[in-house]
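**Student:** Please find the sequence and the predicted model below.
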Amino acid sequence: MNSSSENGTEFQQKVHPDTLVIGAGIAGIQASLEIANAGYKVYLVEKSGTIGGHMAMFDKTFPTLDCAACILTPKMVEVGQHSRIDLLTCSEVTEVNGYPGAFKVKIHKKARFVDQQLCIGCGSCAAKCPGKAPSEFDSGTALRKAIYIPFPQAVPNKYLIDPESCLYMQTDGKKCGVCVKFCPVNDCIDLHAMDEELNIEVGNIVIATGFKIFDAKKVARFGYGKFPNVLTSLELERLINAGGPTEGKITFRTKDKKGNWVFKPDGGAPDSVAIIHCVGSRDENCNAYCSKVCCMYSLKLAHLVKEKLPATAVYEYFIDMRAFGKGYEEFYQRIKKEGVHMIRGKTAKIEEIKGSLKLRSEDILNNRIIEQLADMVILAVGLEPSDGVKQLSEMIGVEIDANGWYKELDSLLDPVGTARQGVTIAGVCQGPKDIPDTVAQASAAAARVLQSIESLKEVEFI
């Protein structure tokens, strides 16, 4: 209801019970489930073709070494089946108007080109599709078809088409179209489907847009993109995973028949692996901040390499070991006892010599410079704000800090609130953090939303 006064127009508005959650990684999933399970509708918007975010790519979680998929996929399925969650994949928020308690939001929903209601997931289309592109889910370590399901446990577990790699769309319909021909369900695939514009009204917004990993090519001295067996931590994560391109085997990168660098199960295993910490973090030339999780996930990767290849020598090159969380220091001590070699000091550069990789590094504890050969090098890349943070912050009216992360109202007293009333933040979009802290913050954001809805107090906005 509206009213006016001598000082200007005053709006008195009860909080709309629906909530918009932007981003469907573990933070967005947790917040959505908390709100929906309390009896309120949630619009969960995700720009990719599936929910799950980066956590879905992990093999194990530290320090307990629990299966990441065993924790995440039940929550993903619950989101997909929840009657109070409207899941919008391949979608992005393009406009936010209104005021706290009554935001009017415009969402651009890209065409998937495959009807989610009709698709039976048989795979006949992908089997015949000639188009290929690097798999985003496998961090580029393998190729996927132009029509694909992002990964076997994806939600929604339906096919979609990537227009950038679809031969039919790239040739304006002059070539291909075999997916339509071989699909056993009539009208399931529509290669001429159009994008949609959706308009919704919500009372609260939760931002949970997550992160992207640092581009290791920016640190040229490590040779990423030049030397095929210099990998990022996320690439190794996919190799180790049984559902990855090598069925869980750690192998060298090789070229396929068309000259693409990919990993295959028969690619040969390394006898020595070096893991370099703080790539893109704690570096004034890249990001001065600590990415917080790199030490622990590097230790986890070292353990998993030793588990897969017990005879392989594993070396950790670190600046400082920041084992900050519950059970983290104990995990660090455990990894040292497993025979992983710990070398404290910054790594200067990597060179390739006769197929091996030569690392030149400090060894601070022994006060020397060392050179060492390794068959494979893993770069523990740091975390950066996801793409589109600045545009979304301007659209919604939420500040970002000097490093590009969303700025909380008070780092001590209100880590989920923002200067924009009715908008909360959760997860790594607020700054680097591990999975337990992300889940805790997502639950806190959901609690703030529920408090706002259930109070149903009339709030004045001038």
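**Tutor:** Great, that's in hand. Predicted, not measured: the structure shown is a model, and the values here were computed from it.
**Student:** Isn't K264 up against G244?
**Tutor:** No: taking contacts as C-beta atoms under 8 Å, K264 lies outside contact range of G244: 11.3 Å. Backbone N, C-alpha and C define where each C-beta goes, glycine included.
**Student:** Which one's more surrounded, these two?
**Tutor:** Set side by side, K264 and G244 show more neighbours around G244, with 25 against 17, by other C-beta atoms under 10 Å.
**Student:** Could you double-check that that one sits in contact with L236?
**Tutor:** No: judged on C-beta under 8 Å, G244 makes no contact with L236 at a distance of 9.7 Å.
**Student:** give me every residue that touches the residue nearest to A36 when sequence neighbours are not counted.
**Tutor:** Closest residue to A36 apart from its sequence neighbours, by C-beta to C-beta, 6 or more residues apart in numbering: R84 at 4.1 Å. Contacts for R84 (C-beta atoms under 8 Å, 6 or more residues apart in numbering) come out as 36, 39-42.
**Student:** again with G417
**Tutor:** G417 touches 408-410, 424, 448, counting by C-beta under 8 Å, 6+ apart.
**Student:** try 7 Å
**Tutor:** Residues near G417 by C-beta atoms under 7 Å, 6 or more residues apart in numbering: 408-409, 424, 448.
**Student:** Export those residues as CSV, with columns for neighbour count and distance to T312.
**Tutor:** CSV is the format used below for the contacts of G417 (neighbours: other C-beta atoms under 10 Å; distance: C-beta to C-beta, whole Å):
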residue, neighbour count, distance to T312
E408, 22, 42
L409, 16, 48
T424, 33, 45
R448, 20, 47
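**Student:** Tell me which of the residues you listed fall in helices.
**Tutor:** Mapping these onto helices (DSSP state H) picks out R448.
**Student:** Show me which of the contacts of G417 is closest to A142.
**Tutor:** For the contacts of G417, the residue nearest A142 by C-beta to C-beta is T424; the value is 36.9 Å.
**Student:** Can you list the residue ranges for helices in the stretch 301-450 of the chain?
**Tutor:** For the stretch 301-450 of the chain, the helices defined by DSSP state H, counting those that start in this stretch cover 328-337, 389-396, 435-455.
**Student:** returning to what we had before: please pick the buried ones from the contacts of R84.
**Tutor:** The neighbour-count test (16 or more other C-beta atoms under 10 Å) applied to the contacts of R84 identifies 36, 40-42 as buried.
**Student:** Name all residues that make contact with the residue lying closest to I370 once chain neighbours are set aside.
**Tutor:** Closest residue to I370 apart from its sequence neighbours, by C-beta to C-beta, 6+ apart: D363 at 4.9 Å. Shown in contact with D363 (C-beta under 7 Å, 6+ apart): 343, 345, 370.
**Student:** May I see the residues you listed organised as JSON lines, with distance to K128, pLDDT and neighbour count added?
**Tutor:** JSON lines is the format used below for the contacts of D363 (distance: C-beta to C-beta, whole Å; pLDDT from 0 to 100; neighbours: other C-beta atoms under 10 Å):
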{"residue": "I343", "distance to K128": "50", "pLDDT": "97", "neighbour count": "20"}
{"residue": "G345", "distance to K128": "53", "pLDDT": "95", "neighbour count": "18"}
{"residue": "I370", "distance to K128": "53", "pLDDT": "96", "neighbour count": "14"}
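**Student:** closest to D66 among these?
**Tutor:** After measuring those against D66 - C-beta to C-beta - the closest member comes out as I343, at 28.5 Å.
**Student:** Next up, the contacts around the closest residue to the closest one other than its chain neighbours.
**Tutor:** Leaving aside its sequence neighbours, I343 sits nearest to Y317 (C-beta to C-beta, 6+ apart; 5.1 Å). Going by C-beta under 7 Å, 6+ apart, Y317 touches 274-277, 343, 345, 347, 361.
**Student:** Nearest to H303 among the residues you listed?
**Tutor:** For those, the residue nearest H303 by C-beta to C-beta is I275; the value is 11.0 Å.
**Student:** picking up where we left off before, among the contacts of R84, which pair sits farthest apart?
**Tutor:** G39 and V42, at 10.8 Å, using C-beta to C-beta across the contacts of R84.
**Student:** No further queries at this time; thank you.
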